[in-house]
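Enquirer: okay, predicted coordinates and the sequence, questions at the end:
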Amino acid sequence: MALSTRELVLQHWQLANTRDWAGFARLLHADFGYEAPQSRERIRTAAGYVDFFATWPQPWRAEVLKCIADDASVLTLIDFISSAPTMTGLTIFDLRDGLIVKVTDYWPDPYEPGPRVSAHVERY
């Protein structure tokens, strides 16, 4: 039985929080892409997105505060909790063929990201 769009995205966050990278990767479409407009970061592959999460330089977790879904997209409001001050962000998930095909992250303010361990992150 296929997951609903809402269930798929909630599973994305749950698998990220438990560091189940194999399960996390199975939720991503082959044509996957990621963008964070405020930091001008882009990742062009599903494997790159998994690596971006897996190599984050400090312990963290995402707490889902709200989840709004329709047939093709989901919006989550999250608290990103780490050793840095908690950041609240909006994440838009676009779905295709029952998988996540695009993720766009919006944070409260434009910022310059710290060093990234993942070689998959491009700046634009």
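Expert: Received the coordinates, thanks.
Enquirer: need the residue closest to the centroid of this protein.
Expert: In the chain, the centroid-proximal residue (C-alpha atoms, centre = their mean) is V103; its distance is 6.0 Å.
Enquirer: quick one: buried residues of the helix or strand where it lies?
Expert: Secondary structure from DSSP states H and E places V103 in strand 99-106. Judged by neighbour count using 16 or more other C-beta atoms under 10 Å, the buried positions of strand 99-106 are L99, I100, V101, K102, V103, D105. For every residue, glycine as well, the C-beta is placed using N, CA and C.
Enquirer: list the contacts for the residue nearest to the centre of the chain?
Expert: V103 makes contacts with F32, G33, Y34, E35, Y49, T91, I92, F93, D94, as judged by C-beta atoms under 8 Å, 6 or more residues apart in numbering.
Enquirer: in CSV: the buried residues of strand 99-106, plus pLDDT and distance to S118.
Expert: Output for the buried residues of strand 99-106, formatted as CSV (pLDDT from 0 to 100; distance: C-beta to C-beta, whole Å):
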residue, pLDDT, distance to S118
L99, 97, 21
I100, 98, 18
V101, 98, 20
K102, 98, 18
V103, 98, 14
D105, 96, 15
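Enquirer: what comes into contact with the helix or strand bottoming out on mean pLDDT in the chain?
Expert: Each helix and strand of the chain was given a mean pLDDT (mean pLDDT, DSSP states H and E); the minimum falls on strand 122-123 at a mean of 78. Applying C-beta under 8 Å, 6+ apart, the external contacts of strand 122-123 come out as R40, E41, R42, I43, R44.
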